[in-house]
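Asks: pasting the structure only:
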């Protein structure tokens with residue numbers, strides 16, 4: 001069971017604030033009028049079908065994707081107003097766990113985990129090595145992986161190395177992009193437990209982008225669901241759910257209930273119409 005954070009356990013001062021966020025690629029809108037505040041210590045799950053803009057939203061949070069309109073504030077600062085050097089410094093406060101782990105194939109596991117420490121700190125090498133071992137131990141990996149290359153590890157082990165690397169600089173904001181994609185149910189639950197353990201051991205705020213309802217219900221304090229703009233009526237908000245995970249099954253919007261239950265619903269009717277059947 002998730003050890004969820006209550007409203008009494010988090011600061012009222014938001015760490016992340018998103019105001020009227022819109023992102024377009026050329027003439028193609030992906031995000032529209034997203035408003036959201038994330039309190040310190042909170043774990044937010046962002047769900048929705050493919051193409052609804054979840055990963056773009058995650059990239060916008062850390063200024064890897066610039067807004068077309070609107071703003072993202074981190075700790076009170078508008079990221080779009082920062083110079084590149086200031087932005088690089090702010091990003092050291094983020095930990096990003098990528099969907100495919102995104103490890104450097106030519107580096108050993110020890111070098112991968114040490115990479116952000118060598119790039120963004122002036123710690124002595126002995127301290128870096130100590131941190132690398134501690135972070136790998138924290139995600140349940142033995143020291144015999146230190147000299148191996150990513151290709152020598154399983155998918156689940158690579159994901160854990162990615163988490164260890166993300167934790168190396170002790171970030172304030174952790175971002176997970178589909179952390180359990182491609183993993184079997186047992187390893188998926190290992191990753192879920194590590195997300196929970198990270199929150200217990202570190203004072204972090206987290207955003208988890210996922211399709212996995214088990215992950216959503218286990219790790220999240222709060223859930224938002226985005227919907228593809230192309231399938232919304234004019235003026236309809238893109239965020240069709242914002243609430244606790246236990247409210248998903250009984251959400252007033254049938255599109256939320258269909259997604260959570262994994263039912264094709266209206267999408268099947270649309271496909272039949274497209275195929276003329």
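Replies: Received the coordinates, thanks. No experiment lies behind these values; they were computed from the predicted model shown.
Asks: Poorly predicted segments of the stretch 1-150 of the chain, please.
Replies: 1-12, 100-101 (pLDDT under 70).
Asks: where do the strands sit along it?
Replies: Secondary structure of the stretch 1-150 of the chain (DSSP state E, counting those that start in this stretch): strands at 14-25, 28-39, 43-47, 69-74, 77-78, 94-97.
Asks: any idea how far the closest residue to residue 137 other than its chain neighbours is from residue 184?
Replies: Once flanking residues are discounted, residue 137 sits nearest to residue 143: 8.0 Å by C-beta to C-beta, 6 or more residues apart in numbering. Every residue, glycine included, has its C-beta placed from N, CA and C. Residue 143 sits at a distance of 25 Å from residue 184 (criterion: C-beta to C-beta, to the nearest Å).
Asks: Just say which of the strands of the stretch 1-150 of the chain is most tucked in.
Replies: The highest mean neighbour count among the strands of the stretch 1-150 of the chain, using mean count of other C-beta atoms under 10 Å, belongs to strand 43-47: a mean of 25.
Asks: quick check: angle from that one to strand 14-25?
Replies: Interaxial angle of strand 43-47 relative to strand 14-25 (axes from the mean of the first three to the mean of the last three C-alpha atoms, to 10 degrees): 20 degrees.
Asks: Quick one: residues contacting residue 184.
Replies: Residue 184 is in contact with residue 156, counting by C-beta atoms under 8 Å, 6 or more residues apart in numbering.
Asks: which residues touch residue 194?
Replies: So residue 194 contacts 139-140, 160, 163 (C-beta under 8 Å, 6+ apart).
Asks: Next up, phi/psi of it, please.
Replies: phi -70, psi -30 (degrees, to the nearest 10).
Asks: separation between it and residue 159?
Replies: Residue 194 is 9 Å from residue 159, by C-beta to C-beta.
Asks: partners of residue 175 in the sheet?
Replies: residue 96, residue 207 (DSSP bridges).
Asks: Nearest spatial neighbour of residue 110, chain-adjacent residues omitted?
Replies: residue 146 is the one closest to residue 110 (C-beta to C-beta, 6+ apart), at 4.2 Å.
Asks: next one: residue 237
Replies: residue 33 is the one closest to residue 237 (C-beta to C-beta, 6+ apart), at 7.0 Å.
Asks: Do I have it right that that neighbour meets residue 232?
Replies: No: between residue 33 and residue 232 there is no contact under C-beta atoms under 8 Å: 10.9 Å.
Asks: Common neighbours of the two, please.
Replies: residue 238.
Asks: So which residues of the protein form helices?
Replies: 54-61, 84-91, 109-120, 125-138, 155-167, 185-201, 213-219, 254-261, 266-274 (DSSP state H).
Asks: Which one, of those helices, ends up nearest to residue 23?
Replies: Of all the helices of the chain, helix 54-61 sits nearest to residue 23, with 5.5 Å by C-beta to C-beta.
Asks: relative orientation of the closest one and strand 14-25 in degrees?
Replies: Going by the same axes, to 10 degrees, helix 54-61 makes 120 degrees with strand 14-25.
Asks: who's in contact with the most centrally placed residue in the chain?
Replies: For the chain, the residue nearest the mean C-alpha position is residue 176 (2.8 Å; C-alpha atoms, centre = their mean). By C-beta under 8 Å, 6+ apart, the contact list for residue 176 reads 97, 195, 206-210.
Asks: Check the residues you listed and tell me the two furthest apart.
Replies: Pairwise distances across the contacts of residue 176 (C-beta to C-beta) peak at 12.3 Å, for the pair 195 and 209.
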